[in-house]
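A.B. asks: How does the following fold in three dimensions:
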Amino acid sequence: MDIKFNKNEDHNKLLVSDLNHRLKKVYLGGGEKKIEKHHSKGKMTARERIDFLLDEPKDAIEIGAFAGDGMYQEHGGCPSGGVVVKIGKVSGKKVIVVANDATVKAGAWFPITGKKNLRAQEISIENRLPIIYLVDSAGVYLPMQDEIFPDKEHFGRIFRNNAVMSSMGITQIAAVMGSCVAGGAYLPIMSDEALIVEKTGSIFLAGSYLVKAAIGESVDNETLGGATTHCEISGVTDYKAKDDKDALTKIKNIMDKIGDFDSAGFNRKKAAKPKLNPNEIFGFLPAKRSDQYDMMEIINRLVDHSEFEEYKAGYGQTILTGYARIDGWAVGIVANQRKIVKTKKGEMQFGGVIYSDSADKATRFIANCNQKKIPLVFLQDVTGFMVGSKSEHGGIIKDGAKMVNAVSNSVVPKFTIVIGNSYGAGNYAMCGKAYDPRLIVAWPSAELAVMSGNSAAKVLLQIETARLKAKGEKITEEVEKELFDRIKSGYDEQTSPYYAAARIWTDAVINPLDTRKWISNGIDVANHAPITKDFNLGVIQT
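C.D. replies: So this is what the prediction gives:
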């Protein structure tokens with residue numbers, strides 16, 4: 001391997017090291033002191049509860065680990081959005097688990113907490129996946145109640161989803177392992193079955209202090225809404241557990257009796273590892289987002305046997321399309337080709353740019369995968385659609401619209417991996433978050449924005465200098481450089497994959513070597529939901 005390969009490898013492995021460092025910090029939740037205090041009450045942490053519940057914790061994938069990252073600093077922060085969400089197996093059945101982290105503001109709900117819980121329910125609904133709630137929350141974080149309480153995508157939507165999921169026959173199990181107050185008390189009771197832990201679990205619409213203030217009644221919380229009250233008097237809960245482990249064991253026993261699901265029937269054969277070394281991805285992926293590389297080098301290190309059956313190989317070459325297997329699952333891959341290619345007409349096309357012919361090819365391929373019931377995998381490293389008079393005259397908008405139409409109306413499950421650039425309309429056409437991928441994750445090398453930091457800074461600089469000149473200010477080269485650097489720095493921060501993950505624009509930032517695991521888990525989950533609609537592009541201009 002050459003020196004460039006080695007430099008790329010060093011750069012990308014440092015990015016993964018940074019990812020691991022960030023995750024270690026996130027896993028501490030509210031911090032070691034809060035964890036010790038939590039343990040002193042005889043309670044397990046959210047992550048400990050999930051690990052005890054899952055058959056193989058190492059095989060699970062975590063949704064939204066970086067939710068809330070760098071946000072709400074004036075309120076002390078909200079690591080992982082104050083809730084841990086994982087997809088794994090319980091008693092051999094695939095489930096999604098949602099566990100409040102009471103070490104973070106006593107499990108109170110910030111705006112991002114609501115968004116993350118709704119994302120978990122969305123995954124459950126889309127995939128007909130059983131969901132388990134491990135409840136330990138003080139309710140809405142009151143200083144920010146206006147951003148979590150009243151809107152369609154806020155706190156109340158969760159209970160609406162509980163009802164809808166129940167009508168769909170999606171299994172919901174809730175264990176109250178700590179506080180469960182006010183409106184939040186509806187979540188476990190709107191689940192199919194509810195458990196409560198003795199002494200630590202409590203459910204009530206209003207706690208003892210509020211009851212005293214409202215109606216003058218003096219009553220302790222245990223009598224008001226403890227395990228004995230709700231299992232033996234009110235009948236609100238179905239099972240009483242002596243401690244956390246007992247509650248989690250009861251959930252395992254319930255899951256063990258659940259019948260099998262109706263399969264979507266996605267094709268799977270015996271899994272095989274890539275023939276080419278996946279670790280070499282780090283060397284082929286360039287350190288600079290503007291550098292060119294051959295996406296086939298990445299694909300061949302992600303797919304089984306390193307075998308890729310390319311569709312329309314000589315046409316629309318800035319998008320690669322073809323069939324492969326990932327961990328045994330048949331997939332259709334749509335990937336941005338990042339090297340400069342030469343067409344049959346002798347024209348040069350820039351890598352990472354979507355041209356009319358590549359958009360046309362991708363549209364046809366997506367239609368083929370829908371006809372054959374093959375899940376789609378999008379590998380994003382895209383700067384956008386080709387611009388200029390030649391492209392406009394050639395109908396780039398029309399061809400781009402056809403691709404967006406195909407992605408939008410696709411009925412097979414879609415999975416998106418943001419490898420590098422994800423800019424503007426390219427993000428949309430390559431199945432960005434707005435286009436309902438079942439899962440969307442980013443590598444540490446990813447950048448998500450309307451345009452690159454460099455391009456955006458140049459545009460914003462022109463606007464800012466024009467404004468200052470209009471005020472009569474003199475713009476020297478030094479002032480212009482200072483302005484450019486300041487603008488670019490702020491913009492670059494917003495293009496970070498962690499900035500996107502904090503806001504749940506993506507489900508996770510992952511080590512590239514975990515990509516196969518995420519796609520395999522995603523298809524396994526999607527296989528729970530048979531396809532009930534036909535693929536129809538609707539009206540498109542030809």
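A.B. asks: In contact with residue 441, which residues?
C.D. replies: When the contact criterion is C-beta atoms under 8 Å, 6 or more residues apart in numbering, the partners of residue 441 are 416, 417, 418, 506, 507, 508, 509, 510, 515, 518. C-beta: built from backbone N, CA, C; applies to glycine.
A.B. asks: what are the phi and psi angles of it?
C.D. replies: phi -130, psi 160 (degrees, to the nearest 10).
A.B. asks: Quickly list what it is bridged to.
C.D. replies: For residue 441, the beta-bridge partners are residue 417, residue 508 (DSSP bridges).
A.B. asks: Please tell me how far it sits from residue 308.
C.D. replies: Distance, residue 441 to residue 308, using C-beta to C-beta, to the nearest Å: 21 Å.
A.B. asks: that older thread, relative to residue 50, which of the contacts of residue 441 is nearest.
C.D. replies: Set against residue 50, the nearest of the contacts of residue 441 by C-beta to C-beta is residue 508 (15.4 Å).
A.B. asks: what pLDDT does the closest one get?
C.D. replies: On pLDDT, residue 508 comes in at 98.
A.B. asks: Number of residues surrounding it?
C.D. replies: 22 (other C-beta atoms under 10 Å).
A.B. asks: Would you mind confirming that it makes contact with residue 60?
C.D. replies: No. Using C-beta atoms under 8 Å, residue 508 is not in contact with residue 60; the gap is 11.8 Å.
A.B. asks: Which of the three states applies to residue 179?
C.D. replies: Secondary structure for residue 179, judged by DSSP: H, G, I helix; E, B strand; the rest coil, is strand.
A.B. asks: same question, residue 323
C.D. replies: Going by three-state DSSP, the secondary structure assigned to residue 323 is strand.
A.B. asks: C-terminal to whichever helix or strand residue 13 is part of, what's the next element?
C.D. replies: Element membership for residue 13, per DSSP states H and E: helix 3-27. Per DSSP H and E, the first helix or strand lying C-terminal to helix 3-27 is helix 32-40.
A.B. asks: What lies in contact with that next one?
C.D. replies: For helix 32-40, contacts defined as C-beta under 8 Å, 6+ apart pick out 28, 29, 45, 102, 103, 104.
A.B. asks: Most widely separated two among those?
C.D. replies: 28 and 102 (13.6 Å).
A.B. asks: Between the two, which has more neighbouring residues?
C.D. replies: Applying other C-beta under 10 Å to residue 28 and residue 102 shows that residue 102 carries more neighbours, namely 28 against 16.
A.B. asks: which residue sits closest to the more buried one in space, ignoring its chain neighbours?
C.D. replies: Leaving aside its sequence neighbours, residue 102 sits nearest to residue 136 (C-beta to C-beta, 6 or more residues apart in numbering; 4.4 Å).
A.B. asks: Kindly report the same for residue 440.
C.D. replies: Per C-beta to C-beta, 6+ apart, closest to residue 440 is residue 416, 4.2 Å.
A.B. asks: Provide a list of residues in contact with residue 373.
C.D. replies: Shown in contact with residue 373 (C-beta under 8 Å, 6+ apart): 264, 265, 266, 267, 412, 531.
A.B. asks: So it versus residue 137, what's the distance?
C.D. replies: With distances taken as C-beta to C-beta, residue 373 is found 40 Å from residue 137.
A.B. asks: Model confidence at the residue nearest to residue 102, what's the number?
C.D. replies: Looking at residue 136, its pLDDT reads 94.
A.B. asks: One more: residue 281?
C.D. replies: 98.
A.B. asks: how far is the host helix or strand of it from where the chain is centred?
C.D. replies: Using DSSP H and E, residue 281 maps to helix 281-284. On the basis of C-alpha atoms, centre = their mean, to the nearest Å, helix 281-284 sits 24 Å off its chain's mean C-alpha point.
A.B. asks: All the strands of the stretch 51-200 of the chain, residue numbers only.
C.D. replies: Secondary structure of the stretch 51-200 of the chain (DSSP state E, counting those that start in this stretch): strands located at 61-63, 83-90, 93-100, 131-137, 172-181, 193-197.
A.B. asks: Show me what the second one pairs with in its sheet, parallel or antiparallel.
C.D. replies: According to DSSP bridges, strand 83-90 has the following sheet partners: strand 61-63 (antiparallel), strand 93-100 (antiparallel).
A.B. asks: Next, the angle from the longest one to strand 172-181.
C.D. replies: What separates the directions of strand 93-100 and strand 172-181 is an angle of 10 degrees, with axes from the mean of the first three to the mean of the last three C-alpha atoms, to 10 degrees.
A.B. asks: about what we covered before: columns neighbour count on top of the contacts of residue 373, output as a markdown table?
C.D. replies: Shown next, in a markdown table, are those (neighbours: other C-beta atoms under 10 Å):
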| residue | neighbour count |
| --- | --- |
| 264 | 19 |
| 265 | 10 |
| 266 | 18 |
| 267 | 14 |
| 412 | 22 |
| 531 | 15 |
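A.B. asks: Take these and lay them out in CSV including pLDDT.
C.D. replies: Supplementary listing: those in CSV, determined by pLDDT from 0 to 100:
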residue, pLDDT
264, 96
265, 96
266, 98
267, 98
412, 98
531, 96
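A.B. asks: Please report phi then psi for residue 55.
C.D. replies: For residue 55, the backbone dihedrals (degrees, to the nearest 10) come out as phi -60, psi -50.
A.B. asks: ugh, wrong one, I meant residue 455
C.D. replies: Per degrees, to the nearest 10, the backbone of residue 455 is at phi -70, psi -40.
A.B. asks: Just give me the neighbour total for it.
C.D. replies: Neighbour count of residue 455, defined by other C-beta under 10 Å: 17.
A.B. asks: any idea how far it is from residue 311?
C.D. replies: 32 Å.
A.B. asks: and what of residue 498?
C.D. replies: Distance from residue 498 to residue 311, by C-beta to C-beta: 35 Å.
A.B. asks: okay, how far is it across stretch 189-198, tip to tip?
C.D. replies: The straight-line separation of the ends of stretch 189-198 (C-alpha to C-alpha, to the nearest Å) is 17 Å.
A.B. asks: I'd like the distance from that stretch to the chain centre, please.
C.D. replies: Here the centre of stretch 189-198 is set off from its chain's centre by 27 Å, with C-alpha atoms, centre = their mean.
A.B. asks: Quick one: mean pLDDT for that stretch?
C.D. replies: Here the average pLDDT along stretch 189-198 is 93.
A.B. asks: Do I have it right that residue 170 meets residue 127?
C.D. replies: No. Counting by C-beta under 8 Å, residue 170 does not reach residue 127; the two are 9.2 Å apart.
A.B. asks: Which one's more surrounded, the two?
C.D. replies: Each of residue 170 and residue 127 has its neighbours counted (other C-beta under 10 Å); residue 127 has more, 24 against 21.
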